[in-house]
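Colleague: What follows is a predicted structure for the sequence shown.
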Amino acid sequence: MQVNGQFQPTIVAFCCNWCSYAGADLSGTNRLQYPANVKIIRIPCSCRLNPMFILRAFQRGADGVILCGCHPGDCHYTSGNYFARRRMTLLFNMLEFLGIERERTRVEWVSAAEGAKFAATMNDFVATITRLGENKRLEDLRCKSK
Amino acid sequence: MQEQVRAKAKALLESGVCDRILAWKTGEFFYDVTPAVFTSVEEIDRDLVYNAFCGANLSKYLIAESRKGGKVGAFLKPCDTYSFQQLLKEHRIRRENTYIVGVACEGMADIETIRAAGIKGVTGGDFTGETLTFETLYGAKTMARAEALAERCKFCKSKKLVIFDELLGEQGEEQDVGRFDEVKRLEAMSDEERFAFWQQELSKCIRCNACRNVCPACSCEKCVFDNPNSGVENKAAASSFEEQLFHIIRAFHVAGRCTDCGECSRVCPQHIPLHLLNRKFIKDINEIYGPYQAGADADTRPPLLTYETGDPEPRRGDAG
Amino acid sequence: MQRIGVFVCWCGSNIAATVDVEAVSQALSHEAGVVFSTNYQYMCSQAGQEMIQAAIHEHRLTGVVICSCSPRMHENTFRKTCERAGINPYMVEIANIREQCSWIHKDKAVGTEKAIILGRAAIAKVLLNAPLTAGTSPVTKRALVIGGGIAGIQTALDIADAGFEVDIVEKEPTIGGKMTQIDKTFPTLDCAACILTPKMVDAAQNEKIKIYAYSQVEAVKGFVGNFTVTIRRKARYVDEEKCTGCGLCTEKCPQKKVPNAFNLGLDTRRAIYIPFAQAVPKIATIDADYCTMLKTGKCGVCSKVCTAGAIDYHQQDTLIEEHYGAIVVATGYNPIQLDQFDEFAYSHSPDVVTSLELERLMNAAGPTGGTLLRPSDKTHPHTLVFVQCVGSRCDGGEKGKPYCSKICCMYTAKHAMLIREKYPDTEVYVFYIDVRTPGKNFDEFYRRAVEEYGVHYIKGMVGKVTPQNGKLYVQAADLLGGQQLKIEADMVVLAAAIEPDKSARPLATMLTASMDTNDFFTEAHPKLRPVESPTAGIFLSGACQGPKDIPETVAQAGAAASKVIGLLVKDHLVCNPCVAESNELMCNGCSACEKVCPYGAITYIDKEFRGPNRTTLLRRIAQVNPAVCQGCGACTVACPSGAMDLKGFSNGQIMAEVDAICR
């Protein structure tokens, strides 16, 4: 999206309910700032993230998608993030294979105690996507608002 | 080999072991061999073929055939046995209702390659054996089978029949002929070049769904692309993105299950090298999680349905 | 069509300072489906909740969106508010505009814009919400404890004390476990039998407790509250009802050369035996591997001397099926086999013993009647060497275990102290890597061994033990003294690492409970839920979860019991309604979902469907047990056809949120 001639990326962050969503809450509680471009969607576990959701986000004009979950070994459901890790590894490789910039997708493990890490991750991710510019390769122009 | 297949098919019917036979018969054109179910010796004598154009993978048809009453006999090439075993692993086929005759395969020919070699106006011929003989409007012509091979057969992964009740011909070996070379070539390109390559290829897609319909792994009771509630339903190539979306989702859905039979590319009327998407997944799985061949056995857990605690993290982009 | 109400909270100035709440409620009032939109100072307050309830009635709302603090804070509050006003609690969605908006964005315009987008996403989601009802499942008010050692006994006693029936399954002929073999306990040096056997008797006499000794769990079906367990009762060849435990048969049996497992093979017993005098149940058992009658059909002495007529050579294993609401695993531990530790000459000299064997050699009921004698020549040993960490803390190697066995430092201090006290003429050396004594009165205990009893503690490992001329030549390093030592010892005692009992791994498979790489059961949470397995209804007691001493084991046993009691007092379990659900019309029956389910919540059935032309088709389809499913959603992504979806976080709902955010 262009705001006053400046590129403002749309970032979708999928956060697992038990660790990363709580980590995001903590960064709020500690008033650690990160850009408003990041919009969080709460999912029960990182393993709930269907690749279709990521593709949907890109189709609808997201410029970057990030998945945050419990650290490997700490999953509330014991194994969810291990499955998520494999799925995202392969999906991101495939997107890159199709010529989509790898920087547009990311996985980060953020615990409920890592409010600072959450904010730092989002700051870094927004900066990366801003540098990269608009997602043109995967968006569907018909879904674009004005 | 065709005579052996016919004889075996007839024997299976006559002895009562099977009450129908799944094999191949010539379709509209001589090179257009299609899967067919035979229920009588007469039909077999008249129509059943086994030649260089029997590329069709019969395993998928056994999902429906094995659910009907009685026993179906099927002739499966090495490639097809991998798909068959994978479908068994997914509980899609009722094994007890099938009788599998494994047939050795010398590689299947590709009509485009033959045309490109200047053999045109073909009216018939003999396509069994090492040398293919063509009757054309311009006289008889021959071509070595090896030169006429389809791309997937040049890079054949295995001539081994992994599951069968009975064997016709010799059991083969797994092959190692660099089937990932093309994937590697693409990987070596820049993002822009790869995007341009795929944009060029995928923009040809007319969403005919042939790749999906022929794919043994794409055998869902209801495909997400046909399901109005899936959120990705669409039936036409309405924009470039949807072509990509369709093919990415399809490739992801069959990741870890695709046996690399190459049917998707064979049937694509636009000649999109769709198998490269699947091979990319297979190559990554092999490299990251250890060698895995879908359908090679009945027990190994598919790589996306298992994990190791020490699996590597998804690779980061350079700027990240 | 849904009628959505939007309620924007100011949270005092927490939200209102950086988000224009009026603008947010205005903007959201124009969204499709929204029929009412307002803002208020404190939505979670009594007045705020009443306002929501009034709006629900007045505007006949079907769904509610609250733009407020994190759902982790007040989601439940608002769900209950709405439930009281008559709408389903799962028709409520929270837009987190405090932690994830007002608190992190200083610019009011930016914060307001983001709050509107988050509100839109919540509205988009709630439009697709469906009323969910938490299912319930009944609870069988009976517990099973697998393993009858001190952990299992304590758990069973505590559960029975609360008034619930509990069964103990023990694979040995008697309950009691490892503690029955131990002589004295640290750090108080009271006799193990004196504190354990009364508990064994309590368990036997408690009318709520049923003991299945000489039995094993064969199969487990079901889920939390509703387990069905098949128990194999192994043939004792003695009728449990008739045997009085008089022991006459065990004296008359002519087969005397059976290694006595209770004394770790240090002496022999008869083919018909009672493991020890205080066994519970005190019933004789015929060892089929050695009984002449069972092997050749010629003998029958025990049958002749038994006045109760309890001997039954034709007895067979029997299988019984019982129902339980909860299962406690208390399968305990064993010392590891030492055949890979040739350097300590364990297999070459009888005078090299494990610490557990030493317990028997010092026990008044043991093979030597409590007098410490060398096993080889039954003489009094003068020099004893203790080797610590035999097989513990072995990193990366082929042999041994990577973990600390935890109990060895303390029992070795105990052994050294007892020996020095009873036999002041002995020299006792202890070779250690570290002495680890965290525990109440533990370090004091160890220091007493060194300071009062003159035990020689030497930091360093023993390199080699060579048996020669009736002596054991011990070569060792003294790391602090910086020298090599050679000690001429009479006995060497190895503190063998402990490992989970071999029966644990197959049991874990039956229970779908997870284990770590060392075969210890894993906890639902290592810190906050240490006595529960991740599988609902399965609890952990004692050393099956990790190496533990007796006080810790008893503490964990009590904790596990309290968790079981907490489960069994409920008549019904309320299930989380946000569980996976498979659409049977789309299910391929491919088993992908089952393979990623950490809870074993998915099973398959063959179901008849209508096929074309009035035919019926038999199809394999997945079924989710909502009482077992925890709602992680792993299965929804593994499912290629999209038949599997998660209630409350459905594909449609999440994609609607994505669309709203990316709009």
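Modeller: Looks like it arrived, so ask away.

Colleague: just the helices in the stretch 151-300 of chain C please.
Modeller: For the stretch 151-300 of chain C, the helices defined by DSSP state H, counting those that start in this stretch cover C:192-205, C:248-252, C:292-296.

Colleague: Those helices: which one's closest to B:C156?
Modeller: helix C:292-296 (60.2 Å; Cβ to Cβ). C-beta coordinates here come from the backbone N, C-alpha and C atoms, glycine included.

Colleague: Am I right that A:A62 is in contact with C:C662?
Modeller: Yes. Using Cβ atoms under 8 Å, A:A62 is in contact with C:C662, at 4.9 Å.

Colleague: of all of the stretch 101-250 of chain B, which residue lies closest to chain C?
Modeller: As assessed by Cβ to the nearest Cβ, chain C sits closest to B:C220 within the stretch 101-250 of chain B, at 3.7 Å.

Colleague: which SS class is that residue?
Modeller: Secondary structure, DSSP: H, G, I helix; E, B strand; the rest coil: B:C220 is coil.

Colleague: quick one, what contacts it?
Modeller: Contact analysis of B:C220 by Cβ atoms under 8 Å, 6 or more residues apart in numbering or on different chains lists C:M586, C:N588, C:P640, C:S641.

Colleague: Surely C:V596 and B:R301 touch.
Modeller: No. Shown here, C:V596 and B:R301 do not form a contact pair, counting by Cβ under 8 Å, at 10.0 Å.

Colleague: Which residue ranges make up the domains of chain B?
Modeller: Domain segmentation of chain B under automatic domain parsing yields B:1-111+B:150-177, B:178-312.

Colleague: okay if I get the ones you listed as CSV plus mean pLDDT?
Modeller: What follows is the domains of chain B, written out as CSV (pLDDT from 0 to 100):
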stretch, mean pLDDT
domain B:1-111+B:150-177, 92
domain B:178-312, 91
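
Colleague: Can you give me the distance of C:C299 to C:I311?
Modeller: Distance of C:C299 to C:I311, computed by Cβ to Cβ, to the nearest Å: 11 Å.

Colleague: ditto for B:S190
Modeller: 85 Å.

Colleague: Give me the more crowded residue out of the two.
Modeller: Each of B:S190 and C:I311 has its neighbours counted (other Cβ atoms under 10 Å in any protein chain shown); C:I311 has more, 24 against 9.

Colleague: in the helix or strand hosting B:K8, what counts as buried?
Modeller: Element membership for B:K8, per DSSP states H and E: helix B:2-14. Neighbour counts over helix B:2-14 (16 or more other Cβ atoms under 10 Å in any protein chain shown) mark B:Q2, B:V5, B:R6, B:K8, B:A9, B:K10, B:L12, B:L13 as buried.

Colleague: Please name the nearest non-neighbouring residue to the residue in the stretch 1-150 of chain C positioned nearest to chain A.
Modeller: Of the stretch 1-150 of chain C, the residue with the smallest distance to chain A, taken as Cβ to the nearest Cβ, is C:E99 at 3.1 Å. Of all residues not flanking C:E99 in the chain, A:G28 sits nearest, at 3.1 Å (Cβ to Cβ, 6 or more residues apart in numbering or on different chains).

Colleague: elements contacting the helix or strand harbouring the one you found?
Modeller: Element membership for A:G28, per DSSP H and E: helix A:20-29. Secondary-structure packing of helix A:20-29 (3 or more Cβ pairs under 8 Å, 6 or more residues apart in numbering or on different chains; DSSP states H and E): strand A:11-16, strand A:38-43, strand A:64-69, helix A:115-132, helix C:71-84.

Colleague: Format those as TSV; extra columns: distance to B:L161, mean pLDDT and mean neighbour count.
Modeller: Putting the helices and strands packed on helix A:20-29 into TSV (distance: least, Cβ to Cβ, whole Å; pLDDT from 0 to 100; neighbours: other Cβ atoms under 10 Å in any protein chain shown) gives the following:
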stretch	distance to B:L161	mean pLDDT	mean neighbour count
strand A:11-16	44	96	28
strand A:38-43	44	97	25
strand A:64-69	42	96	28
helix A:115-132	49	95	20
helix C:71-84	56	93	18
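
Colleague: So which of the ones you listed is nearest C:C11?
Modeller: That would be helix C:71-84 among the helices and strands packed on helix A:20-29, by Cβ to Cβ, at 10.0 Å.

Colleague: Pull the distance from the closest one to the chain's centre.
Modeller: On the basis of Cα atoms, centre = their mean, to the nearest Å, helix C:71-84 sits 34 Å off its chain's mean C-alpha point.

Colleague: and the helix or strand just after that helix, which strands flank it?
Modeller: Downstream of helix C:71-84, the first helix or strand assigned by DSSP H and E is strand C:92-96. Next to strand C:92-96 in the sheet, as set by DSSP bridges, lie strand C:63-68 (parallel).

Colleague: Identify the residues contacting the partner strand?
Modeller: C:2-9, C:11, C:15, C:24-25, C:28, C:33, C:43-44, C:52, C:56, C:74, C:78, C:82, C:87, C:91-98, C:115, C:118-119, C:122-123, C:126-127, C:129.

Colleague: Now for C:N613: which residues touch it?
Modeller: With contact set as Cβ under 8 Å, 6+ apart, C:N613 has no partners.

Colleague: Got the phi and psi for it?
Modeller: Per-residue torsions, C:N613: phi 50, psi 50 (degrees, to the nearest 10).

Colleague: Against B:K68, how distant is it?
Modeller: Taken as Cβ to Cβ, the span from C:N613 to B:K68 is 12 Å.

Colleague: Likewise for B:T81?
Modeller: Taken as Cβ to Cβ, the span from B:T81 to B:K68 is 21 Å.

Colleague: now swap in C:Y42 and tell me
Modeller: Remark: distance between C:Y42 and B:K68 (Cβ to Cβ) = 67 Å.

Colleague: For the residue of the stretch 101-250 of chain B closest to chain C, which non-adjacent residue is closest in space?
Modeller: In this structure, B:C220 finds its nearest non-sequential neighbour in C:S641, 3.7 Å apart by Cβ to Cβ, 6+ apart.
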